[in-house]
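In: Quick one, fold the following:
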Amino acid sequence: MRKLNVSVFLIALLSTFIFKACKDKNDDFVFLSIEEDVELGAQVASEIENDPEQFPVLDEAEYADAYTYLNGLLDEILNSGEVAYKEEFAWDIHIIEDDSTLNAFATPGGYIYVYTGLIKYLEQEDDLMGVLGHEVAHSDLRHTSKNLQVQYGLSFLISLISGNNSSDLTKIAGQIAGTATGLTFSRAYEKEADDKSVEYLAKTPYACNGAYSFFQKLIDEGNTGRLPAFLSTHPNPEDRVEDINVKADELGCDTNPLNPASYQDFKNMLPN
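Out: Numbers count the residues shown, from 1 in each chain. This next block holds a predicted model:
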């Protein structure tokens, strides 16, 4: 029994050094390594790909023009100089065909999914850029990984890092994929993602408060009850609008929409 306790202590001590080595670029303590984030994200993407009934992802070859357009928007954010894990993460974006759903979500490792319903609801390219910035931030700030370490605890993470349970990442990937459309984060994480979206867009030609106009449309139409999961944590959309605009004021960035006509062309590329 004493030997076992010593072994556990040594593993815990070793894991402490590992965790310190894996401390992320945002100075938050994240137990999972970057490599594990990437592996987990790839497995979640595989689970989603193998479940076309729940996730009818548009084929990249058939809708090549739409994906080229969307990847161009994503590249604007990735090239802003503000994305910490630009080189390490996959930054793989997909379109899910569901016109009735206003949603988007991101998984660890930079896998992003946007629903056709959200794309068609948004009125201009700047709006979509605000949403994409928000989702990039969730991946780049490693919010899902931080949630996992709270949910599963230190003993699980020690086991994961030591390689004793090789199937654990697969199990977690399945759980994340199964609840992907309803992924929720704390109010603090949502605000952090909103703020980052402004910071990303401030280094692009787009309105840095792009996410604001989406909220405002929901408010103006009285559709706050339709808030998608990725924006529903905060109980007051009006406060969310104010916070985004306050952040833009703090940065002194351009809030004039670029609004190129090509956004309507992009919508027309999607299934009717």
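In: residues making contact with the helix or strand that contains Phe266?
Out: For Phe266, the host element (DSSP states H and E) is helix 262-268. Contact with helix 262-268 is made by Ala66, Tyr69, Leu70, Ile119, Lys120, Gln124, Glu125, Leu128, as judged by CB atoms under 8 Å, 6 or more residues apart in numbering. The C-beta positions use only the backbone N, C-alpha and C, and glycine is treated the same way.
In: Without its sequence neighbours, what residue ends up closest to the last one?
Out: Looking back up the chat, that one is Leu128. Leu122 (5.2 Å; CB to CB, 6 or more residues apart in numbering).
In: ok, that neighbour to Asp51 distance?
Out: Here the distance between Leu122 and Asp51 works out to 26 Å (CB to CB, to the nearest Å).
In: quick one: which of those two has more around it?
Out: Taking other CB atoms under 10 Å, Leu122 and Asp51 do not tie; Leu122 has more neighbours (22 against 15).
In: where exactly do the helices run in this structure?
Out: Ranges of helices within the chain are 2-21, 34-49, 64-78, 116-121, 125-140, 143-162, 168-178, 187-201, 210-220, 237-251, 262-268, based on DSSP state H.
In: Among the ones you listed, which comes closest to Glu97?
Out: Among the helices of the chain, the nearest to Glu97 by CB to CB is helix 116-121 (5.3 Å).
In: residues of the closest one that come out buried?
Out: By neighbour count with 16 or more other CB atoms under 10 Å, helix 116-121 contains the buried residues Thr116, Gly117, Leu118, Ile119, Tyr121.
In: and if you look at stretch 60-69?
Out: In terms of neighbour count (16+ other CB under 10 Å), stretch 60-69 has its buried residues at Tyr63, Ala66, Tyr67, Tyr69.
In: Can you list the low-confidence ranges for the stretch 1-150 of the chain?
Out: Where the stretch 1-150 of the chain drops to pLDDT under 70, the residues are 1-28.
In: coming back round to it: now for the buried residues of helix 116-121, which pair is the farthest apart?
Out: The most widely separated members of the buried residues of helix 116-121, counting by CB to CB, are Thr116 and Tyr121 (9.4 Å).
In: quick one: which of the buried residues of helix 116-121 is nearest Ser145?
Out: Distance to Ser145, by CB to CB, is smallest for Leu118 among those, at 24.5 Å.
In: residues contacting Tyr63?
Out: By CB under 8 Å, 6+ apart, the contact set of Tyr63 is Ile95, Met269, Leu270.
In: Repeat the analysis, applying 10 Å as the threshold.
Out: If a contact means CB atoms under 10 Å, 6 or more residues apart in numbering, then Tyr63 has Val57, Tyr69, Leu70, Ile95, Glu97, Met269, Leu270, Pro271 as its contacts.
In: most neighbours, which of those?
Out: Counting neighbours by other CB under 10 Å, Ile95 leads those with 24 neighbours.
In: Return the set of residues that bridge with that one.
Out: Ile95 has these beta-bridge partners by DSSP bridges: Val114.
In: related to what we said a few turns ago, which members of the contacts of helix 262-268 are the farthest-apart pair?
Out: Longest distance between any two of the contacts of helix 262-268 is 16.8 Å, between Ala66 and Gln124; criterion CB to CB.
In: Find the nearest non-adjacent residue to Gln124, please.
Out: Counting by CB to CB, 6+ apart, Asn259 is the residue found nearest to Gln124 once chain neighbours are left out, at 4.3 Å.
In: Quick one: neighbours of that neighbour, just the number.
Out: Asn259 has 15 neighbouring residues, counting by other CB under 10 Å.
In: Please apply the same query to the one 4 residues further on.
Out: Counted by other CB under 10 Å, the residues lying close to Tyr263 total 21.
In: buried residues in stretch 139-157?
Out: For stretch 139-157, by 16+ other CB under 10 Å, it's 139-149, 152, 156-157.
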